[in-house]
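S.K.: Fold the following.
(chains A and B)
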Amino acid sequence: KQEVTQIPAALSVPEGENLVLNCSFTDSAIYNLQWFRQDPGKGLTSLLLIQSSQREQTSGRLNASLDKSSGRSTLYIAASQPGDSATYLCAVRETGTASKLTFGTGTRLQVTL
Amino acid sequence: DAGVTQSPTHLIKTRGQQVTLRCSPISGHKSVSWYQQVLGQGPQFIFQYYEKEERGRGNFPDRFSARQFPNYSSELNVNALLLGDSALYLCASSLWQDKSNEKLFFGSGTQLSVL
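M.R.: I've put the predicted structure just below:
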């Protein structure tokens, strides 16, 4: 059974810092891995999707990497801003159960002034 | 273009009642998925429908059911509500054409409280 773990569970950083969020998964038979952002009580916004054949994806200040063989992904946020404060979730789509995404429990990020 | 829309946004029910949640996908998307998110946890997969057929089901009891209509909108029904059904229910739509590059677009969710 696929298990997705995110570390740390919560993180507080001052504005302007670069930071890394971690995601690990137990079964490497995946189609892709996605990173999402969720604001309190709201839905999920897709940030980046990395296909299993890719190593990284970039969008603006965000960079996500994928090491499928070791079951790890990182989300790098450069020059953090207070508006980045949210919960960040990673999710994998497995090849055996393509209908569903399996999510981690998220990292709650607070960027302070 | 409108994103994924869900209704209602909030709902309060009592134990034993039944509830219906509604979702309209992004125009052109034929796949709709439902997820349950309990406070402090990641979303858990409930169902996926594509072209009005169930394509996947998560580990939820038979009290949970869903359907997809010819216009690709979807309903999630939960019978005999339990306190533990209190959660944010998320709907997501997608094209369902290329699984390796399949991106889900989520609605804002329906917050269900069972008293």
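S.K.: Over in chain A, which residue gets nearest chain B? Let me know.
M.R.: At 2.5 Å from chain B, residue A:99 is the closest residue in chain A, using Cβ to the nearest Cβ. For the C-beta atoms, the positions are set from N, CA and C on the backbone; glycine is no exception.
S.K.: my guess is that residue meets residue B:33, correct?
M.R.: Yes: using Cβ atoms under 8 Å, residue A:99 is in contact with residue B:33, at 7.3 Å.
S.K.: And those two? Which one has more around it.
M.R.: residue B:33 (29 against 20; other Cβ atoms under 10 Å in any protein chain shown).
S.K.: Just confirm the more buried one contacts residue A:93, I think it does.
M.R.: No: if you go by Cβ under 8 Å, residue B:33 and residue A:93 don't touch, sitting 11.0 Å apart.
S.K.: what residues are shared contacts of these two?
M.R.: residue A:100 (Cβ atoms under 8 Å, 6 or more residues apart in numbering or on different chains).
S.K.: Next one: the residue of chain B most remote from its centre from residue A:67, what distance?
M.R.: Relative to the average C-alpha location in chain B, and by Cα atoms, centre = their mean, no residue lies farther out than residue B:100, which sits at 22.2 Å. Distance of residue B:100 to residue A:67, given as Cβ to Cβ, to the nearest Å: 17 Å.
S.K.: now residue B:67
M.R.: Counting by Cβ to Cβ, the separation of residue B:67 from residue A:67 is 40 Å.
S.K.: what residues does chain B put near chain A?
M.R.: Counting by Cβ under 8 Å from any Cβ of the partner chain, chain B comes close to chain A at B:4, B:33, B:35, B:40-45, B:48, B:55-56, B:58, B:88, B:90, B:92, B:99-109, B:111.
S.K.: Count the neighbours of residue A:35 for me.
M.R.: 24.
S.K.: still on that earlier bit, identify the residues contacting the residue nearest to the residue of chain A closest to chain B when sequence neighbours are not counted.
M.R.: Spatial nearest neighbour of residue A:99, chain neighbours left out: residue B:56 (2.5 Å); criterion: Cβ to Cβ, 6 or more residues apart in numbering or on different chains. Contacts for residue B:56 (Cβ under 8 Å, 6+ apart) come out as A:97, A:98, A:99, A:100, B:33, B:45, B:47, B:48.
S.K.: Can you name the two of those residues that sit furthest apart?
M.R.: Comparing every pair within the contacts of residue B:56 by Cβ to Cβ identifies A:98 and B:47 as the most remote, at 13.9 Å.
S.K.: Who has more neighbours out of the two?
M.R.: A direct count of neighbours by other Cβ under 10 Å for residue A:98 and residue B:47 places residue B:47 higher, at 23 against 17.
S.K.: Could you check how many residues crowd around the residue lying closest to residue A:30 once chain neighbours are set aside?
M.R.: Once flanking residues are discounted, residue A:30 sits nearest to residue A:92: 4.7 Å by Cβ to Cβ, 6+ apart. Counted with other Cβ under 10 Å, residues neighbouring residue A:92 total 28.
S.K.: Surely residue A:92 touches residue A:26?
M.R.: No: in this structure, residue A:92 is not within contact of residue A:26 by Cβ under 8 Å, at 9.6 Å.
S.K.: Tell me which residue in chain B sits closest to chain A.
M.R.: For chain B and chain A, the shortest gap (Cβ to the nearest Cβ) falls at residue B:56, measuring 2.5 Å.
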